[in-house]
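Undergrad: A predicted structure for the sequence below; I have some questions about it.
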Amino acid sequence: MPFDIARTRAAYPALTEGFVHFDGAGGTQTAQPVVDAVADAMRAAVGNRSTAFVPGRRSLELVAAARSAVADLVGAHPDGVVLGPSATALTYTLARTLGAGWRPGDEVVVSRLDHDANVRPWVQAAEAAGAAVRWAEFDPATGELPAGQYADLVGERTRVVAVTAGSNAIGTTPDVAAIAKIAHAAGALVCVDGVHAVPHGPTDVASLGADFLVTSAYKWSGPHLAAMVADPARWEKLRPAKLVPSSDAVPDRFEYGTPSFPLLAGVAAAVDHLATLDPAATGSRRDRGG
């Protein structure tokens, strides 16, 4: 059936202001169901997470719903969804945690195509550990990031390959699966920046070969929060710096401080909204959102 543009536009209150939004890297406007979900959560009594009283149980439910929604969006397990304020903050947390185990002579591979949020955290973690940084180059004539070059860049001392699934600047979508295959053959981990790719088509973490994938909700009609996903067993092996009283469970141990529970309500509502864009779609939320 034809895509109902009028129906979709009507779901975004900000579009009534009359601006023309050409800044794709600036994110999306917020859908009305997301606004409503955030407002509803702020009207209700919500406390820090606890099973002892209703407000605490509500916050637990909001966190669980956000994890489940992100998992449906990208094909992950809810227990592997780490929530945070931004893709940059989550990538820094991961880089510092992994980098604590690196030694001089280890290497990381980053690309010239990537947003600095998936470059600088790795470069700085490498510098702190005395590890080397290797650069994948993109073709300025085509905008492509040739996957074949990674065979020469990745070796037995490569610890992480960081690559984007979609450039925020020029829209290039590298062959992440091919790059991941080369990285995994050498025993390296793959961190994929999915911020600019996830909104534009179905995403499956396993198909990409991503050990870690980060996405930002404000790129898909939600609030300014982000999530990084991985297999829960992979998170279990990592020990980030954390406060003594904070939870040691996965994925909680990677989330610093008290989250914004109302905004987490907006994350779940945004994924629900995406799943309603095609009124003829059937199946699970993931099926309908794809």
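TA: Perfect, I can see it now. Numbers count the residues shown, from 1 in each chain.
Undergrad: tell me which helix or strand comes right after the host helix or strand of residue 6.
TA: Residue 6 belongs to helix 5-9 when assigned by DSSP states H and E. Downstream of helix 5-9, the first helix or strand assigned by DSSP H and E is helix 32-43.
Undergrad: please, where are all the strands along the stretch 51-200 of the chain?
TA: With strands called from DSSP state E, counting those that start in this stretch, the stretch 51-200 of the chain shows them at 81-84, 107-111, 132-136, 158-164, 189-193.
Undergrad: for residue 98, which of those strands is the nearest?
TA: Residue 98 sits nearest to strand 158-164 of all the strands of the stretch 51-200 of the chain, at 6.3 Å, using CB to CB. In short, each C-beta sits where N, CA and C put it, glycine included.
Undergrad: show me what that closest one pairs with in its sheet, parallel or antiparallel.
TA: Each strand that pairs with strand 158-164, with its direction, by DSSP bridges: strand 107-111 (parallel), strand 189-193 (parallel).
Undergrad: hmm, who's touching that strand?
TA: 95, 98, 102, 106-111, 113-115, 118-119, 122, 131, 134, 136, 145, 150, 154, 174, 176, 179-180, 182-183, 186-193, 196-197 (CB atoms under 8 Å, 6 or more residues apart in numbering).
Undergrad: what mean pLDDT does that strand get?
TA: When pLDDT is averaged along strand 158-164, the result is 98.
Undergrad: what about that strand, distance to the chain center?
TA: Distance, stretch centre to chain centre, for strand 158-164: 15 Å (CA atoms, centre = their mean, to the nearest Å).
Undergrad: got the angle for it vs strand 132-136?
TA: 40 degrees (axes from the mean of the first three to the mean of the last three CA atoms, to 10 degrees).
Undergrad: correct me, but residue 105 touches residue 155?
TA: No - using CB atoms under 8 Å, residue 105 makes no contact with residue 155, being 10.6 Å away.
Undergrad: the two - which one has more neighbours?
TA: For the pair residue 105 and residue 155, the greater number of neighbours falls to residue 155 (13 against 10), based on other CB atoms under 10 Å.
Undergrad: please report how far the more buried one lies from residue 280.
TA: 50 Å (CB to CB, to the nearest Å).
Undergrad: now residue 272
TA: Residue 272 is 17 Å from residue 280, by CB to CB.
Undergrad: do residue 151 as well
TA: Using CB to CB, we find residue 151 at a distance of 44 Å from residue 280.
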